[in-house]
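Enquirer: Fold the following for me, if possible:
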Amino acid sequence: MKATLLQNTHDMPLSEPSPVAVPVGEPVPHTRVHSVERSDSVETGVWECSPGRFRRQIVEQEFCHFTHGRCTFTPDGGDSIEIKAGDALLLPANSLGIWDVQETLRKTYVIISR
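Expert: Predicted structure coming up:
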């Protein structure tokens with residue numbers, strides 16, 4: 001297996017903005033991404049999101065480290081989690097809920113599909 005290095009993630013160029021799949025109210029947040037898919041059921045990359053609320057659609061386990069911004073994640077049936085730049089978060093598989101982005105958010109992430 002080859003190592004994957006994401007360099008300069010703070011300033012890494014990302015894709016053109018696209019609206020989130022399931023927005024909750026206005027404004028509709030837009031995301032940008034640079035993703036590196038691997039053949040061993042792992043995806044890594046850099047993801048950015050503008051302010052707004054939306055429903056999390058990823059059902060796989062995800063680890064993320066937030067490098068910019070501020071948000072809240074409220075898992076279905078759980079308590080809200082306040083997140084800011086410098087924080088890291090592990091979301092177990094099937095962690096659905098609502099993201100509420102207050103300041104443009106950027107994170108590096110690893111999604112594990114097993």
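Enquirer: Low-confidence regions, the protein specifically.
Expert: Along the chain, segments meeting pLDDT under 70 span 1.
Enquirer: what about the strands in it?
Expert: For the chain, the strands defined by DSSP state E cover 18-19, 30-37, 42-49, 52-55, 61-75, 81-84, 88-91, 97-112.
Enquirer: in terms of contact count, name the helices or strands touching the first one.
Expert: So the one you mean is strand 18-19. strand 30-37 (3 or more CB pairs under 8 Å, 6 or more residues apart in numbering; DSSP states H and E). C-betas here are computed from N, CA, C, even on glycine.
Enquirer: Distance to residue 5 and mean neighbour count for the strands of the chain - can I get that in CSV?
Expert: What follows is these, written out as CSV (distance: least, CB to CB, whole Å; neighbours: other CB atoms under 10 Å):
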stretch, distance to residue 5, mean neighbour count
strand 18-19, 26, 12
strand 30-37, 9, 15
strand 42-49, 10, 19
strand 52-55, 30, 18
strand 61-75, 15, 17
strand 81-84, 25, 15
strand 88-91, 19, 14
strand 97-112, 11, 18
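Enquirer: Kindly reformat those strands as TSV containing distance to residue 10.
Expert: Shown next, in TSV, are the strands of the chain (distance: least, CB to CB, whole Å):
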stretch	distance to residue 10
strand 18-19	21
strand 30-37	12
strand 42-49	9
strand 52-55	22
strand 61-75	6
strand 81-84	15
strand 88-91	16
strand 97-112	8
